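Colleague: Build me a model from this:
(chains A, B, C and D)
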2 protein chains.
Amino acid sequence: MDGMCHCENELSEIQTERELYELSELFKVLGDSTRIKIIYLLFENEMCVCDIADELSMTQSAISHQLKALKLARLVKCRRRGKTILYTLDDSHVTNIFKLGLEHVRGICE
Amino acid sequence: MDGMCHCENELSEIQTERELYELSELFKVLGDSTRIKIIYLLFENEMCVCDIADELSMTQSAISHQLKALKLARLVKCRRRGKTILYTLDDSHVTNIFKLGLEHVRGICE
DNA sequence: TGAACATATGAATACATATTCATATATAAA
DNA sequence: TTTATATATGAATATGTATTCATATGTTCA
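Modeller: Got it, this is the predicted structure:
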């Protein structure tokens, strides 16, 4: 064992329609440019809502709504520090899915 | 070299906003339960439009529209055989992204 | 307690999109 | 060529959703 994740999900193991539905819901959350930008920002830093809003030149409310969607999908998590709430990525899947998506978009590794 | 893909996409390499936008567009295409079901069917077989429609109990037109979206995103490709047109998955990224998404949905490998 | 600041949230609106319907295109067989 | 079959497609509709606006909640500090 080397500490890395070695889950082997065979696609044949998929049983339920529900599982496919939840998969599509996950990608739906990733399928918005504002949320993708937020995730990208969080790769680099733990950030509070207003800093994300500033960085993306969007309102605090819009960002807060999107963070809620990301949190519901367990893509980000948050902790309070005083008045501000700091957001980070939730787990490593986010990074890996993001990277694989990039490979596809860039059309490399065919 | 062992024939596997070893692309190392460092996230810091992302330069353009355009790249992030295209990434979100990719996930948007994956973020629909009909299209996810189509992709799932294509893991197992090369299939024609009407068979996919039958399998999902949907109209030929609806499936054709969704296949067009999948094709535009280079997630599926097709070839003609007589009157029918057979669809398959385009590249291996689809499988890997799908698997990683499943891991996340299942909440394992944390 | 009250003021200031940070974030969350419900409702409304504006925009995007999945499906349907009708029809066009393309191939094969008679 | 005509008919039958398979797929694609444009327009319309119905549904979903991102953002905005107004406001509520929660925290800190005076």
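Colleague: In contact with the residue nearest the centre of chain A, which residues are there?
Modeller: Taking CA atoms, centre = their mean, the centroid of chain A lies closest to A:Leu75, which sits 3.9 Å from it. When contacts are counted by CB atoms under 8 Å, 6 or more residues apart in numbering or on different chains, A:Leu75 is found next to A:Val29, A:Leu30, A:Ile39, A:Leu89, A:Asp90, A:Val94. The way it works is simple: take the backbone N, C-alpha and C, and place the C-beta from them, glycine included.
Colleague: relative orientation of the helix or strand where the first one lies and helix B:17-30 in degrees?
Modeller: Assigned by DSSP states H and E, A:Val29 falls within helix A:17-30. Between the axes of helix A:17-30 and helix B:17-30, defined by axes from the mean of the first three to the mean of the last three CA atoms, to 10 degrees, the angle is 160 degrees.
Colleague: From the contact counts, what lies against helix A:17-30?
Modeller: Under the contact criterion of 3 or more CB pairs under 8 Å, 6 or more residues apart in numbering or on different chains; DSSP states H and E, helix A:17-30 touches helix A:33-44, helix A:60-72, helix B:17-30, helix B:33-44, helix B:92-106.
Colleague: and these, which is most packed in?
Modeller: Greatest average neighbour count among the helices and strands packed on helix A:17-30 goes to helix B:92-106 (a mean of 21), per mean count of other CB atoms under 10 Å in any protein chain shown.
Colleague: DNA strand D contacts on chain A?
Modeller: Residues of chain A lying close to DNA strand D (CB under 7 Å from any atom of the strand) are A:28, A:32, A:34, A:58-59, A:61-62, A:65-66, A:69, A:80, A:82-83.
Colleague: can you list the helices and strands packed on helix A:17-30 in a markdown table and add mean pLDDT and distance to B:Ile52?
Modeller: Below are the helices and strands packed on helix A:17-30 laid out as a markdown table (pLDDT from 0 to 100; distance: least, CB to CB, whole Å):
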| stretch | mean pLDDT | distance to B:Ile52 |
| --- | --- | --- |
| helix A:33-44 | 96 | 29 |
| helix A:60-72 | 98 | 30 |
| helix B:17-30 | 95 | 16 |
| helix B:33-44 | 96 | 6 |
| helix B:92-106 | 90 | 16 |
